[in-house]
Structures are given as structure tokens and as C-alpha cells.
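1. one predicted model, sequence on top.
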Amino acid sequence: MEHRFPCGNTALDFVGTLRARRNAAPLEKLGSPESLQAWFRESGVVVGTETTCVPPDVAKAVTLREAIYALIWSRLHQEPYDELSLAVVNTAARSPAAIPQLTRTGHRIEATADQALSTIARDAITILGGSDADLLKECGRPECTQVYLDRSRGGRREWCAMETCGNKMKAKAYRARKKDQTRPLSPRP
């Protein structure tokens with residue numbers, strides 16, 4: 001798999017396709033039509049078929065991703081939504097969504113790039129316009145900017161995923177504790 005899906009939520013995982021966004025050189029995971037096609041397939045937005053993407057689709061996808069992130073950031077910081085970001089997400093959501101089809105062996109989901117992006121925009125609207133918006137958090141690992149829904153008991157989850165960021169932060173804290181324990185105490189004057 002080319003992409004990661006730590007959140008289990010289409011819109012939030014889509015926002016995570018720009019990794020470490022506050023770093024000097026963030027990692028862009030939607031750099032080509034092929035990577036966008038792979039994201040649609042790997043995320044389950046498209047199933048049992050392939051969406052053909054072209055460079056303008058990548059530009060639309062990045063614009064939508066950044067608009068969703070801007071709205072989430074505003075929500076996290078209790079600021080009003082940016083009108084341009086609202087317009088981008090709402091415009092994308094107006095297109096028809098991906099089309100699920102029942103087959104003899106299960107199902108498939110067909111979508112053009114616009115339909116796939118509409119599905120993602122609708123998911124973002126569902127989160128931001130509903131009670132799940134109160135559960136939004138950004139990963140506590142400084143190098144990560146993945147946004148997730150904190151459904152933990154007590155709402156105390158700190159990382160987007162334990163398998164990645166949680167393990168890194170716990171290992172870092174462990175090493176710091178071990179380092180502090182091995183330091184010799186300085187003599188008193």
C-alpha cells in the first residue's frame with residue numbers, strides 16, 4: 001500500500017495525505033494522478049474498479065484537501081470558517097458521489113475523480129456539521145499533523161495512531177527517562 005489510513009475516516013485520512021505539514025519540507029502523498037488513483041482505491045472510495053485521474057484532478061484534490069484542513073483547523077481553534085474553504089468543500093459536495101453497485105460476488109464502487117472527491121467532501125461535511133466535530137484532535141507528536149476523532153474513554157487520546165506516533169512518543173519518553181536515570185548526580189559544593 002502506498003498510503004496510510006490511521007483514522008479510519010475518509011475525510012481525515014485524506015487530509016493526512018500531506019504529512020508533517022508544519023515541517024520545512026512536508027511530504028506530499030498526492031503528487032501524481034497515479035498516487036491519487038491509488039489513494040481512491042486503497043481508501044475504499046473506489047472498490048473493484050479503477051478511477052482514471054489526470055493532472056487537473058490532482059490539483060482539485062489538493063485544493064479540496066487543504067480546504068478541509070483549513071475548516072478543521074478553524075474548528076480546533078474555535079475560529080470562524082474561511083469562506084473560500086467553505087465554498088471549495090460545498091462545491092465539491094454538490095457533484096454526484098461515488099456509486100455503489102451490487103455484484104454477484106459482493107460489491108464495487110465506481111467513481112470519476114469528481115465523484116470520489118464529492119464523497120470525501122460529504123464525509124468532511126458530516127464530521128464538521130455534526131456532533132463528531134467536538135471529537136476532532138490533531139496528533140500530539142510534533143512532527144505529525146494528522147487529524148483524528150478522539151473516541152477514547154475520557155477523550156484523552158493524544159496520537160493519531162498508537163502503531164505509529166504513539167509508539168514513537170512512548171519510546172522517546174522512555175529514552176529520556178533512562179537518560180535521566182543514568183546521569184551522575186552533580187556534587188554539592
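-> All right, it came through fine.
2. which one is P100 nearest to, not counting chain neighbours?
-> The shortest distance from P100 to any residue other than its chain neighbours is 5.0 Å, reached at I109 (Cβ to Cβ, 6 or more residues apart in numbering). From N, CA and C alone the C-beta is placed, and that goes for glycine too.
3. quick one, longest helix in this structure?
-> Taking DSSP state H as the criterion, the chain has its longest helix at helix 55-76.
4. surely A67 meets A93?
-> No. Applying Cβ atoms under 8 Å, one finds A67 not in contact with A93, separated by 11.0 Å.
5. neighbour count winner among those two?
-> The residue with the greater number of neighbours, taking A67 and A93 and applying other Cβ atoms under 10 Å, is A67; the counts read 24 against 19.
6. low-confidence ranges, the chain, go.
-> Scanning the chain with the threshold set as pLDDT under 70 gives 159-164, 166-189.
7. quick one: the strands in it?
-> Taking DSSP state E as the test, the strands found in the chain are 18-19, 27-28, 99-103, 106-110, 136-138, 147-149.
8. could I get these as a markdown table with distance to D57 and mean neighbour count?
-> Conversion of the strands of the chain to a markdown table gives the following (distance: least, Cβ to Cβ, whole Å; neighbours: other Cβ atoms under 10 Å):
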| stretch | distance to D57 | mean neighbour count |
| --- | --- | --- |
| strand 18-19 | 16 | 16 |
| strand 27-28 | 15 | 12 |
| strand 99-103 | 17 | 11 |
| strand 106-110 | 16 | 14 |
| strand 136-138 | 27 | 17 |
| strand 147-149 | 23 | 21 |
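9. dump the ones you listed to CSV, plus distance to T119.
-> Conversion of the strands of the chain to CSV gives the following (distance: least, Cβ to Cβ, whole Å):
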stretch, distance to T119
strand 18-19, 19
strand 27-28, 21
strand 99-103, 10
strand 106-110, 9
strand 136-138, 20
strand 147-149, 18
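10. ok, and what's touching stretch 135-150?
-> The contact list for stretch 135-150, computed with Cβ atoms under 8 Å, 6 or more residues apart in numbering, reads 6-7, 9, 12, 15-16, 18-23, 69, 72, 75-76, 127, 132, 151, 155-161, 164-165, 168-169.
11. run through the helices of the protein in chain order.
-> With DSSP H as the criterion, the chain has helices spanning 10-15, 33-43, 55-76, 83-94, 113-128, 167-182.
12. which one of these is the most hemmed in?
-> helix 10-15 (a mean of 26; mean count of other Cβ atoms under 10 Å).
13. so which elements touch that one?
-> Using 3 or more Cβ pairs under 8 Å, 6 or more residues apart in numbering; DSSP states H and E as the contact criterion, the secondary-structure elements in contact with helix 10-15 are helix 33-43, helix 55-76, helix 113-128, strand 147-149.
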